[in-house]
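Engineer: Attaching a predicted model along with its sequence, questions to come.
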Amino acid sequence: MNDQDFKDFLAKEDLTLIRFAQIVNTPLATVQKWGKSSKVPSWVSAFIEYYYKAKELEELKTALQTVKKLSL
């Protein structure tokens with residue numbers, strides 16, 4: 001993953017560097033260096049993949065709960 005891909009992910013998800021650093025429990029100063037003085041770590045790609053999967057599962061869960069309420 002390159003720096004632009006990372007920035008695009010943050011923009012798409014409306015995440016700040018501060019919030020992303022909190023989510024992944026990484027010092028903000030470390031995250032701020034990505035794309036400047038160091039590369040975006042390889043684990044970030046996997047994190048983003050699972051972030052999207054978790055988001056999809058939450059949406060599915062909400063939809064199923066709605067269907068369940070409607071069927072009662």
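Structural biologist: That came through fine. Just so we're clear, the structure is a prediction, and the values are computed from it rather than from any experiment.
Engineer: Most remote residue from the middle of the protein, which is it?
Structural biologist: Farthest-out residue of the chain from its mean C-alpha position, per C-alpha atoms, centre = their mean: residue 72, at 34.9 Å.
Engineer: Give me the buried positions along the helix ranked longest in the chain.
Structural biologist: Longest helix of the chain, by residue count under DSSP state H: helix 43-71. Buried residues in helix 43-71, counted by 16 or more other C-beta atoms under 10 Å: 44, 48, 51. Just so you know, the C-beta spots here come from the backbone N, C-alpha and C atoms, and that holds for glycine as well.
Engineer: Report pLDDT for the nearest residue to residue 17 once chain neighbours are set aside.
Structural biologist: Distances taken as C-beta to C-beta, 6 or more residues apart in numbering put residue 31 closest to residue 17, at 5.3 Å, once the chain neighbours are dropped. On pLDDT, residue 31 comes in at 95.
Engineer: what does residue 18 give?
Structural biologist: 97.
Engineer: how close does it get to residue 28?
Structural biologist: Distance of residue 18 to residue 28, computed by C-beta to C-beta, to the nearest Å: 6 Å.
Engineer: More neighbours: those two, which one.
Structural biologist: Shown here are residue 18 and residue 28; by other C-beta atoms under 10 Å, residue 28 has more neighbours (14 against 11).
Engineer: wait, what's in contact with the more buried one?
Structural biologist: Contact analysis of residue 28 by C-beta atoms under 8 Å, 6 or more residues apart in numbering lists 17, 18, 21.
Engineer: Make JSON lines out of those residues and add secondary structure.
Structural biologist: Below are the contacts of residue 28 laid out as JSON lines (DSSP: H, G, I helix; E, B strand; the rest coil):
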{"residue": "17", "secondary structure": "helix"}
{"residue": "18", "secondary structure": "helix"}
{"residue": "21", "secondary structure": "helix"}
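Engineer: picking up where we left off before, give me the element the residue nearest to residue 17 is part of.
Structural biologist: Following DSSP states H and E, one finds residue 31 within helix 28-33.
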